[in-house]
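**Student:** no letters, just coordinates:
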C-alpha cells in the first residue's frame with residue numbers, strides 16, 4: 001500500500017475509458033487513502049470481493065454517513081431517514097413499505113407502456129438531435145413521474161435542482177443548498193396535497209397511507225424521484241455511445257435483438273455511473289484488503305473498479321454482449337441492492353430495443369471521445385448528437 005493520499009475523482013476522470021489508476025490500485029494498493037472534493041479523508045477499495053464486503057457487511061453503515069461530522073463525497077449532504085441512509089432494521093421497515101410497488105410482477109406489467117413511450121419519444125430522434133435531450137432523459141423522467149404521481153409538467157422546475165444536488169463543485173455549495181431546499185419545499189407541498197386528497201392512484205398515494213411522518217415521506221419521495229431517473233438517463237446515453245464507439249457491437253445487436261437483455265447487463269458492468277464510489281462508515285475496526293479500517297472511518301467502495309476486476313470477470317476490459325455469468329455490481333449488493341433494479345432493466349431493455357429497431361444505421365454526429373462529460377456524482381455524457389445514416 002502507498003502512503004500517498006490521492007485526490008478523487010482522479011485528474012483523468014470523466015472520459016470513456018477508466019483511469020489507469022484504477023487498475024494500478026487493484027493490483028498494487030487495493031485499499032488506499034483518498035481525499036474527496038469535500039476534503040474528507042476516506043479509504044478507497046477497488047477489488048470486487050472487497051467492494052462486495054463493504055456494500056453488504058453490517059459493520060459498514062449507511063446511516064452513519066449522515067451523522068454530524070461524517071465524511072462527505074459531494075457537496076450536498078445526504079437526506080437522513082431514506083433508504084440509502086438507513087441500516088437494518090430501520091432500512092428493512094422502510095423498504096417493505098415500497099417494495100411492492102417495485103416488485104418484479106408489478107414492474108413487468110408496465111413493460112408494454114414503457115415500450116410505447118419509447119416509440120413515441122423515438123419520433124423526436126431526427127438527424128442531428130441530441131439523443132440525451134430528446135430520448136434518454138425524458139423517458140425515465142416520465143416513467144418515474146407517472147409511477148410516483150409527480151406532475152410531469154413540473155420536470156423543468158425540478159431538473160435543475162436535481163442536477164445541482166449531485167454537484168462535485170465545492171464553489172457551488174450555496175446554490176446546491178438552495179436547490180436542495182427548493183426540492184424539499186416542492187415535494188413537501190406535493191405530499192401535503194396528496195395526503196389531503198386521500199386517493200390511491202400512485203406510489204406516493206400509497207406511501208401517504210403509511211405511518212411515515214411528513215418529513216420521512218418527503219425524503220422518501222425525493223430519493224425515489226432523483227434515483228428513479230438520473231441513473232437510467234445516463235445509462236441509456238452511455239450505452240448507445242459505447243455501442244457506437246465500436247460499431248460492430250451496434251450492428252451485432254441489430255442483427256441479434258434477442259441479445260439485448262444480456263447486452264444491458266454487460267453494458268451496466270462495462271460503463272461507469274460514478275468516478276468515485278459508494279460511501280460507508282465503519283462501526284467497528286474491520287480488516288479490508290490488508291488494512292484495518294478503524295471505527296468511524298469512511299470507506300468508499302468503487303463499483304466501477306470492481307466491475308473491471310480480472311479476478312471476477314475474464315477479459316474485463318472487453319465488451320462481451322453475451323457474457324455469462326455476469327455478476328456485476330452496478331445495481332449494488334446486500335441490503336441496499338437497488339430497489340428499482342427491475343424498473344431500470346425494463347427501461348434500458350426497451351429503450352435499446354426500440355432504438356436498434358428504428359435506427360439500425362445510427363451513428364454519432366461527432367467522435368464520442370470528443371463529447372463532454374457531466375462532472376457530477378452520477379456521471380455520464382452531457383450530450384450525444386447523432387446522425388441517422
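**Tutor:** Alright, I've got the coordinates. Worth saying up front: this structure is predicted, and the values here are computed from it rather than measured. Numbering: from 1, shown residues only.

**Student:** ranges for the helices of the stretch 251-389 of the chain?
**Tutor:** Per DSSP state H, counting those that start in this stretch, the stretch 251-389 of the chain carries helices over the ranges 260-270, 303-306, 341-358.

**Student:** next one: the stretch 101-250 of the chain
**Tutor:** Under DSSP H, counting those that start in this stretch, the stretch 101-250 of the chain gives helices at 104-108, 111-122, 131, 138-148, 155-165, 173-197, 203-208, 214-245, 247-255.

**Student:** make a markdown table out of these and add mean pLDDT and distance to residue 268.
**Tutor:** Yep, even glycine has a C-beta here, placed from its N, CA and C like the rest. A markdown table is the format used below for the helices of the stretch 101-250 of the chain (pLDDT from 0 to 100; distance: least, CB to CB, whole Å):
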| stretch | mean pLDDT | distance to residue 268 |
| --- | --- | --- |
| helix 104-108 | 94 | 17 |
| helix 111-122 | 97 | 17 |
| helix 131 | 98 | 18 |
| helix 138-148 | 93 | 15 |
| helix 155-165 | 82 | 21 |
| helix 173-197 | 89 | 27 |
| helix 203-208 | 88 | 24 |
| helix 214-245 | 90 | 7 |
| helix 247-255 | 97 | 15 |
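
**Student:** wait, residue 148 sits on residue 225?
**Tutor:** Yes. Judged on CB atoms under 8 Å, residue 148 makes contact with residue 225 at a distance of 6.1 Å.

**Student:** would you confirm that residue 125 contacts residue 134?
**Tutor:** Yes. Using CB under 8 Å, residue 125 makes contact with residue 134 at a distance of 6.0 Å.

**Student:** any chance of the helices of the stretch 101-250 of the chain in CSV, plus distance to residue 82?
**Tutor:** What follows is the helices of the stretch 101-250 of the chain, written out as CSV (distance: least, CB to CB, whole Å):
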stretch, distance to residue 82
helix 104-108, 20
helix 111-122, 25
helix 131, 31
helix 138-148, 14
helix 155-165, 13
helix 173-197, 12
helix 203-208, 12
helix 214-245, 4
helix 247-255, 36
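
**Student:** nearest to residue 295, of the ones you listed?
**Tutor:** helix 214-245 (26.6 Å; CB to CB).

**Student:** may I see the buried residues of the closest one?
**Tutor:** 216-244 (16 or more other CB atoms under 10 Å).

**Student:** quick one: contacts for the residue nearest to residue 228 when sequence neighbours are not counted?
**Tutor:** Distance criterion CB to CB, 6 or more residues apart in numbering; nearest residue to residue 228, sequence neighbours excluded, is residue 144 at 3.4 Å. Neighbouring residues of residue 144 by CB atoms under 8 Å, 6 or more residues apart in numbering: 150, 224-225, 228-229.

**Student:** cool, and residue 260?
**Tutor:** 253, 349, 352-353, 356.

**Student:** could you dump those to a markdown table with distance to residue 282?
**Tutor:** Formatted as a markdown table, the contacts of residue 260 follow (distance: CB to CB, whole Å):
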| residue | distance to residue 282 |
| --- | --- |
| 253 | 43 |
| 349 | 37 |
| 352 | 39 |
| 353 | 43 |
| 356 | 45 |
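
**Student:** now those in TSV, with neighbour count?
**Tutor:** Listed next are the contacts of residue 260 as TSV, based on neighbours: other CB atoms under 10 Å:
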residue	neighbour count
253	21
349	19
352	23
353	18
356	22
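
**Student:** please name the residues that touch residue 317.
**Tutor:** residue 308.

**Student:** go on, residue 16?
**Tutor:** Going by CB under 8 Å, 6+ apart, residue 16 touches 241-242, 245, 368-369.

**Student:** secondary structure element holding it?
**Tutor:** Using DSSP states H and E, residue 16 sits within no helix or strand.

**Student:** read off the pLDDT value for it.
**Tutor:** For residue 16, the pLDDT comes out at 91.

**Student:** ok, residue 109 to residue 346 distance?
**Tutor:** 10 Å (CB to CB, to the nearest Å).

**Student:** then residue 317?
**Tutor:** Distance, residue 317 to residue 346, using CB to CB: 28 Å.

**Student:** hmm, back to that, between the helices of the stretch 101-250 of the chain, which one is closest to residue 41.
**Tutor:** Using CB to CB, these put helix 173-197 closest to residue 41, at 19.3 Å.

**Student:** tell me the buried residues in the closest one?
**Tutor:** Result for helix 173-197 [16+ other CB under 10 Å]: buried residues 176, 179-180, 182-184, 186-188, 190-191, 194.

**Student:** if I pick the closest residue to residue 201 other than its chain neighbours, what's in contact with it?
**Tutor:** The shortest distance from residue 201 to any non-neighbouring residue, by CB to CB, 6+ apart, is to residue 149 (6.4 Å). Applying CB under 8 Å, 6+ apart to residue 149 gives the contacts 194, 201-205.

**Student:** and if you look at residue 380?
**Tutor:** So residue 380 contacts 233-235, 237-238, 273, 373-374 (CB under 8 Å, 6+ apart).

**Student:** out of those, which comes closest to residue 158?
**Tutor:** residue 233 (13.5 Å).

**Student:** count the residues that sit near the residue lying closest to that closest one once chain neighbours are set aside.
**Tutor:** Nearest residue to residue 233, sequence neighbours excluded (CB to CB, 6+ apart): residue 137, at 4.5 Å. Using other CB atoms under 10 Å, residue 137 has 22 neighbouring residues.

**Student:** burial count for residue 258?
**Tutor:** 8.

**Student:** pull up the gap between it and residue 344, please.
**Tutor:** Distance from residue 258 to residue 344, by CB to CB: 20 Å.

**Student:** can you check residue 86 too?
**Tutor:** 21 Å.

**Student:** what do you get for residue 164?
**Tutor:** 23 Å.

**Student:** excluding its backbone neighbours, what's nearest residue 91?
**Tutor:** Residue 91 sits nearest to residue 335 (CB to CB, 6+ apart), 5.8 Å away.
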